[in-house]
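>>> build me a model from this:
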Amino acid sequence: MAEEIFDVGGDLPVRRLGFGTGGLVGPGYWGPRGGRAEARELLRTAVERGVTLIDTADNYGPDLAEELIADALHPYREQLVIATKGGVVRTGPDQWHVAGRPEQLREMCEASLRRLRVERIDLYQLHRFDPSVPMAEQLGALAELRAEGKIRHIGLDSVTAEQLRLALESVPVASVQNAYNLLERGSADVLALCEERGIAFLPYYPLGSGSLTRESAAALTAVAAAHGAGTGQVALAWLLHHSPVLCPTPGTGSPAHLAQNLDAATIHLSPREMAVLDAL
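Numbering: from 1, shown residues only. Alright, predicted model coming up:
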């Protein structure tokens, strides 16, 4: 069985298989997907099933995902870690714009604090580096918020290994969120750096936006069949076995899919099975 716990930032222990909230909002991360009551119940079910890491962003909805989390789970259990993101403004379905000026990041962070009903955000992740703003200014804004006690730990989303190295010279980075899954391993160098530095890697699209649940590769379906599991479950189990810093947070709006995703933590992949999957 893969190790279940990772200490984000060295002091926030979380179960490595978490829950992402992108599936609670509409297509293109815009508007509601269904009823608020159903979304709240799904969040509560995830926590009851042992999830201790919930990943969200201020632009999911926008605002809606953070509001749903607070409605469903506040006051939060002591062990529950809420990770949110700022630095992107969404103007419509699949329409978003990077916004990394220090005053914008401060405004976004403070708005997330209000929506989540907390005085400090456990993990605040810069959703994208703004190419029009010096990196030092963006990191400096996050460092100021951290010094003020509004952020506990800083994370970065969609970064290169070189950007991560440069950032680490300025601020402590507790997490990285890049695309990574069984068939998409373009951030292998970032993952290696995270392993070296003890940084949590929250792979987004851990199921390839659903493509891995439909993957027909004979090797993957054979491993899944051997475990009486779905291909998506095996893909999540592969992440948990592949690296001790990988903390996937698959999202869904379906109670059935939530249960399937969380059950992936119980799948033990043998060295032979890992070798077969690694070769895909």
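
>>> can we go C-alpha only for contacts and neighbour counts from here?
Will do.

>>> for this structure, just list every one of the helices.
Secondary structure of the chain (DSSP state H): helices located at 36-48, 64-73, 102-116, 135-147, 161-168, 188-197, 218-226, 231-242, 255-263, 271-278.

>>> show me what counts as buried in the longest one.
Residues of helix 102-116 classed as buried under the neighbour-count rule (16 or more other C-alpha atoms under 10 Å) are 102, 104, 105, 106, 108, 109, 110, 112, 113, 115, 116.

>>> picking that back up, and the helices of the chain: which comes nearest residue 182?
helix 231-242 (6.0 Å; C-alpha to C-alpha).

>>> between that closest one and helix 271-278, how many degrees?
Here the directions of helix 231-242 and helix 271-278 differ by 110 degrees (axes from the mean of the first three to the mean of the last three C-alpha atoms, to 10 degrees).

>>> and helix 231-242, how far from the chain's centre?
Taking C-alpha atoms, centre = their mean, to the nearest Å, one finds helix 231-242 lying 15 Å from the centre of the chain it belongs to.

>>> elements contacting it?
Where contact means 3 or more C-alpha pairs under 8 Å, 6 or more residues apart in numbering; DSSP states H and E, helix 231-242 is packed against helix 218-226, helix 255-263, helix 271-278.

>>> the shortest one to helix 218-226, inter-axis angle?
When you say that, I think you mean helix 271-278. Going by the same axes, to 10 degrees, helix 271-278 makes 140 degrees with helix 218-226.

>>> give me the contacts around helix 271-278.
Helix 271-278 has contacts (C-alpha atoms under 8 Å, 6 or more residues apart in numbering) with 182, 219, 220, 223, 238, 241, 242.

>>> again, only this time at 10 Å
182-183, 219-220, 222-223, 234-235, 237-238, 241-242, 268-270 (C-alpha atoms under 10 Å, 6 or more residues apart in numbering).

>>> which of those are buried?
182, 183, 220, 223, 234, 235, 237, 238, 241, 268, 269.

>>> distance of the third one from residue 228?
Remark: distance between residue 220 and residue 228 (C-alpha to C-alpha, to the nearest Å) = 12 Å.

>>> next, show the common contact partners of these two.
With C-alpha under 10 Å, 6+ apart, residue 220 and residue 228 have common neighbours residue 234.

>>> which strands and helices sit next to the lowest-mean-pLDDT helix or strand in the chain?
Using mean pLDDT, DSSP states H and E, the weakest-scoring helix or strand in the chain turns out to be helix 218-226, at a mean of 94. Here helix 218-226 touches helix 231-242, helix 271-278, going by 3 or more C-alpha pairs under 10 Å, 6 or more residues apart in numbering; DSSP states H and E.

>>> one step back: list just the nearest of the buried ones among the contacts of helix 271-278 to residue 175.
Nearest member of the buried ones among the contacts of helix 271-278 to residue 175, counting by C-alpha to C-alpha, is residue 241, at 18.5 Å.

>>> so that closest one touches residue 182, yeah?
No. In this structure, residue 241 is not within contact of residue 182 by C-alpha atoms under 10 Å, at 11.3 Å.

>>> ok, residue 279 - how many residues close by?
9 (other C-alpha atoms under 10 Å).

>>> OK, contacts around residue 60?
21-26, 28-32, 66, 84-85, 89-90.

>>> which parts of stretch 33-42 are buried?
For stretch 33-42, by 16+ other C-alpha under 10 Å, it's 33, 36, 39, 40, 42.

>>> just give me the closest of those residues to residue 190.
residue 42 (31.9 Å).

>>> low pLDDT regions in the stretch 151-280 of the chain?
Residues of the stretch 151-280 of the chain meeting the criterion pLDDT under 70: 209-216.

>>> touching, residue 106 and residue 145? I think so.
Yes. Residue 106 is within contact range of residue 145, at 7.3 Å (criterion: C-alpha under 10 Å).

>>> shared neighbours of those two, anything?
If you check residue 106 and residue 145 against C-alpha under 10 Å, 6+ apart, no residue is contacted by both.

>>> is it true that residue 159 touches residue 129?
Yes. With contacts counted by C-alpha under 10 Å, residue 159 reaches residue 129, the gap being 7.9 Å.
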